[in-house]
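Novice: A structural model of the following input is requested.
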Amino acid sequence: MLLAPMLVLLRPRGLAWAAATAGSLMSLAIACLLAAGVLAGEEFRYAMGGWEPPYGIELRVDAFSALVLLLVAGSSSLALLAGKRSLDMAIEPDRQPLFFAAWLLVLAGLAGILVSADAFNIFVFMEISSLASYVVVAGGPDRRALPAVFKYLIMGTIGATFYLIGVGLIYMMTGTLNLADMELRIHEVADQRPILVAAGFITVGLALKAAVFPLHVWLPNAYTYAPHAVTAFLAACATKVSLYVLLRFDFVVFQQNLTGHDQQFAAYLMPLAALAVIFASAVALFESNIKRLLAFSSVAQVGYILLGASLVSVGGLSASLLHMFNHALAKGALFLAVMGLAMRYSELDLRSLAGAAKRMPWTMSALVVAGLSLIGVPGTAGFVSKWYLVSAALDEGPVGIALVAVVVAGSLMAVVYIWRIIEAAWFTPAEQPAEAVQEAPAPMLVVIWLAALANVYFGLATGLQRQLANDAAVSLLGHLP
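Specialist: A predicted model of the protein is given here:
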């Protein structure tokens, strides 16, 4: 946040990108140290201005926030490292300092949401990240991004307003904004009706921000027409942060105090999650633009995350949080590979990509590896979380069997739409004779493969993300009566 206004002054070409990348990498290093500390049993708390909570604003990092912080800082760093050439082509030199300043504000806002233990402070950081997101999504040369951003702005504003109304109602009834203090005070409120209304406003508002089906209409166009590096950044982590706040509120604040809220939570989200997996995957089957196809896939993956959380069990919630991490790995790598393709192809529809593997074999191979992780093939990160999700669902009896059928159906549809990309690039002959190999620039290709191989590494060495997800699930469910 401190670096963002300084970037505006960095006019020499490339200097703003270098400073933004350095700041993002430093954030990643801090996130790694925080995660290591959390795994070692440390507790990170900070009272802003020396005012102890609940009177002051508290910053806190636990297993859940440490897990998502890794996603946010990691996706920003990889997108910046890989995207220099792409962003140089998309953003005019004199506008780059402003663009990268907005990028850092997105990063600061998302990270601020994750470390804040104060409900209103979460809203402040939410607005910082949202307003800066609108700038970076519309920052490219594609004018179709402007109506997409306008829809994103309207839906995001409605979601933030709903969240703020809910927080205001809780503050009216409890007199506190600290999440831990809310948890203690809500059950002392005699009239629970305002709290129930607040739960509805906050849940719907955050569902809008997280693109939960059927409130996802802003997401496909925003991801499709944003600069490719921006899509790689936001697709990996933006919706995960909103889901973080949604799960934090529902499990820590509401389910502890509202009788039967766990059943309401499951009854509300489980059908929507199942519909998201089926409907969004089905739409992806017929999309011809590769970015739009992967955007609808993201809506389906949000469905998987909510499906696990709606089980309200340690196994289900652990699988949900694990899928947050693993989907970020797969989708981030996929959009990085798409950015590599865009260096040689002006159009990203499947017909234009016919024979692309002959021109760009390394880029397309990385895309295949990331696609296998998205499907959930054994040996990749995506398989681990889907396996845990299926295992947790089977513990739920007949309902669980139906949920397993949804997971399997969604994975089979993912096989089909990922195969459509592979078929076009590898097996469809190009309309014109194949040219010599013209790979993406070497620095970009290195980062693309780093992201692709991370899907294999974390599919085999599952300890880090599995322990963080399990500790976070146990902590969230420990707040239930």
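
Novice: hang on, Ser318 packs against Ser475?
Specialist: No: using CB atoms under 8 Å, Ser318 is not in contact with Ser475; the gap is 11.0 Å. C-beta coordinates here come from the backbone N, C-alpha and C atoms, glycine included.

Novice: more neighbours: the two, which one.
Specialist: Ser318 (27 against 15; other CB atoms under 10 Å).

Novice: after the strand or helix carrying the more buried one, which helix or strand is next? Please name it.
Specialist: Secondary-structure assignment from DSSP states H and E places Ser318 in helix 314-342. Using DSSP H and E, the helix or strand that follows helix 314-342 in sequence is helix 356-359.

Novice: quick one, the next helix or strand after that next one and helix 314-342 angle?
Specialist: Going down the chain from helix 356-359, the next helix or strand is helix 361-375, by DSSP H and E. For helix 361-375 against helix 314-342, the angle by axes from the mean of the first three to the mean of the last three CA atoms, to 10 degrees is 160 degrees.

Novice: in terms of secondary structure, what does the helix or strand Val149 falls within contact?
Specialist: Assigned by DSSP H and E, Val149 belongs to helix 145-174. When contacts are defined as 3 or more CB pairs under 8 Å, 6 or more residues apart in numbering; DSSP states H and E, helix 145-174 sits against helix 119-137, helix 179-185, helix 193-209, helix 219-225.

Novice: would you mind writing the CA trace of the second one as CSV?
Specialist: Included here for helix 179-185 are C-alpha records, laid out as CSV according to Å, rounded to 0.1, in the frame of the first residue of the first chain:
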residue,chain,number,x,y,z
LEU,A,179,-15.2,-10.7,14.9
ALA,A,180,-14.1,-12.6,18.0
ASP,A,181,-16.1,-10.1,20.2
MET,A,182,-19.1,-10.5,17.9
GLU,A,183,-19.0,-14.2,18.5
LEU,A,184,-19.3,-13.6,22.2
ARG,A,185,-21.9,-10.9,22.2
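
Novice: so who does Leu71 touch?
Specialist: By CB atoms under 8 Å, 6 or more residues apart in numbering, the contact set of Leu71 is 236-237, 240, 324-325, 328.

Novice: which of those has the most neighbours?
Specialist: That'd be Met324 among those, by other CB under 10 Å, with 30 neighbours.

Novice: look up how far Phe233 lies from the spatially closest residue to it that is not a sequence neighbour.
Specialist: Spatial nearest neighbour of Met324, chain neighbours left out: Lys240 (4.9 Å); criterion: CB to CB, 6 or more residues apart in numbering. Distance, Lys240 to Phe233, by CB to CB, to the nearest Å: 12 Å.

Novice: could you do Ala280 as well?
Specialist: 21 Å.

Novice: who's more crowded, these two?
Specialist: Using other CB under 10 Å as the criterion, Ala280 and Phe233 rank with Phe233 on top: 30 against 26.

Novice: sorry, back to before: can you redo the helices and strands packed on helix 145-174 as JSON lines with mean pLDDT and mean neighbour count?
Specialist: Output for those, formatted as JSON lines (pLDDT from 0 to 100; neighbours: other CB atoms under 10 Å):
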{"stretch": "helix 119-137", "mean pLDDT": "92", "mean neighbour count": "21"}
{"stretch": "helix 179-185", "mean pLDDT": "82", "mean neighbour count": "19"}
{"stretch": "helix 193-209", "mean pLDDT": "88", "mean neighbour count": "21"}
{"stretch": "helix 219-225", "mean pLDDT": "88", "mean neighbour count": "24"}
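
Novice: how many residues are close by Pro147?
Specialist: Neighbour tally, Pro147, other CB under 10 Å: 12.

Novice: these two touch, right, it and Asn221?
Specialist: Yes: the pair Pro147 / Asn221 is scored as a contact, 7.4 Å apart, by CB under 8 Å.

Novice: next, count neighbours for Gln465.
Specialist: Per other CB under 10 Å, the neighbour tally for Gln465 reads 24.

Novice: tell me which other helices or strands the helix holding Ser318 touches.
Specialist: helix 63-90, helix 228-248, helix 290-309, helix 361-375, helix 381-394, helix 442-460, helix 463-477.

Novice: rebuild these as CSV, extending it with mean pLDDT and distance to Arg13.
Specialist: Shown next, in CSV, are these (pLDDT from 0 to 100; distance: least, CB to CB, whole Å):
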stretch, mean pLDDT, distance to Arg13
helix 63-90, 89, 8
helix 228-248, 90, 17
helix 290-309, 90, 27
helix 361-375, 90, 26
helix 381-394, 89, 37
helix 442-460, 90, 16
helix 463-477, 86, 38
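
Novice: in CSV, list the ones you listed along with distance to His187.
Specialist: Shown next, in CSV, are these (distance: least, CB to CB, whole Å):
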stretch, distance to His187
helix 63-90, 23
helix 228-248, 18
helix 290-309, 23
helix 361-375, 42
helix 381-394, 29
helix 442-460, 40
helix 463-477, 18
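
Novice: of these, which is nearest Ala414?
Specialist: Nearest of the helices and strands packed on helix 314-342 to Ala414, taken as CB to CB: helix 361-375 at 4.6 Å.

Novice: between helix 442-460 and that closest one, find me the angle.
Specialist: Using the same axes, to 10 degrees: helix 361-375 against helix 442-460 is 30 degrees.
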